[in-house]
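> no sequence on this one, just coordinates:
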């Protein structure tokens, strides 16, 4: 069954005549040309052991979503890509809950494609599950804000894979940000599922070498690009009848999925 078809039928019955999808790229949003000048690699990328600590079983966060707001979108940094102030969709999102299970393995190995479910280096060494949870929740909250459909829903996201670049890959070859999450929509009033849970693959090409350094000089860090990308992924998932279509990014993408 196509994603959102059930919810769209409900939306149509609630006086919405049609659900339109916005014609946007299915990969990362376009960026301005980057400068040619050389810049230095950021400090703080020495490989350290992950600190041991007592954590809860999952990193979980929830945020309430206000209605579409121009001021909310305009408050984003200049490195962010602005989303529409309102998007015709079958649903509007009441809240977003994102969880990152502790069962996901974190890798701090500085290899090109380390084995692990979570590979994240752009924040200081610490609770990687919590760091990934915040990135994904910020992205999802931003992506659903423009949705203005008649059906009030709560969005639940569970991260299954968040594989960004290691230091070695970031400053040499580049690669793929391999991201997978499971999403579920629940009725905001009753808590009942509006459709079966769905697994979404949301991979993004990852800059490397000179391209990565130039991007960072413009504020386009891995976090900024991934946040922009995931915001657009969830917007398409909830506003297009076919949902989001993952990009085909070649051999490295396949290796990341092994």
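Ah, there it is. Being a predicted model, the structure only gives us computed values, none of them experimental.
> how about residue 139, what does it touch?
226-231, 234 (CB atoms under 8 Å, 6 or more residues apart in numbering). For every residue, glycine as well, the C-beta is placed using N, CA and C.
> Return the member of the residues you listed nearest to residue 209.
If you rank the contacts of residue 139 by distance to residue 209 using CB to CB, residue 226 comes first, at 18.5 Å.
> quick check, that closest one in a helix?
Yes - counting by DSSP: H, G, I helix; E, B strand; the rest coil, one finds residue 226 located in a helix.
> was I right about it contacting residue 135?
Yes - using CB atoms under 8 Å, residue 226 is in contact with residue 135, at 6.4 Å.
> about what we covered before: sort out which of the contacts of residue 139 are buried, if you could.
226-231, 234 (16 or more other CB atoms under 10 Å).
> Can you give me the end-to-end span of stretch 142-153?
16 Å (CA to CA, to the nearest Å).
> And stretch 195-210, by the same measure?
From start residue to end residue, stretch 195-210 stretches across 44 Å - CA to CA.
> Which of the residues in that stretch are classified as buried?
So for stretch 195-210, counting by 16+ other CB under 10 Å, buried means 195, 200-208.
> same deal with stretch 234-246?
Buried, per 16+ other CB under 10 Å, within stretch 234-246: 234-240, 243-244, 246.
> Can you give me the end-to-end span of it?
12 Å.
> Stretch 199-219 now?
OK, stretch 199-219 end separation, CA to CA: 30 Å.
> can you give me the mean pLDDT across it?
Summarised as a single mean, pLDDT over stretch 199-219 is 95.
> ok, now stretch 232-245?
For stretch 232-245, the mean per-residue pLDDT is 91.
> end to end, how far does it reach?
End-to-end for stretch 232-245, by CA to CA: 11 Å.
> the bottom helix or strand of the protein by mean pLDDT?
helix 70-74 (a mean of 34; mean pLDDT, DSSP states H and E).
> The buried residues of stretch 234-246 in helices, which ones?
234-239 (DSSP state H).
> Quick one: classify residue 159 as helix, strand or coil.
strand.
> which residues does it bridge with?
Listed beta-bridge partners, residue 159: residue 181 (assigned using DSSP bridges).
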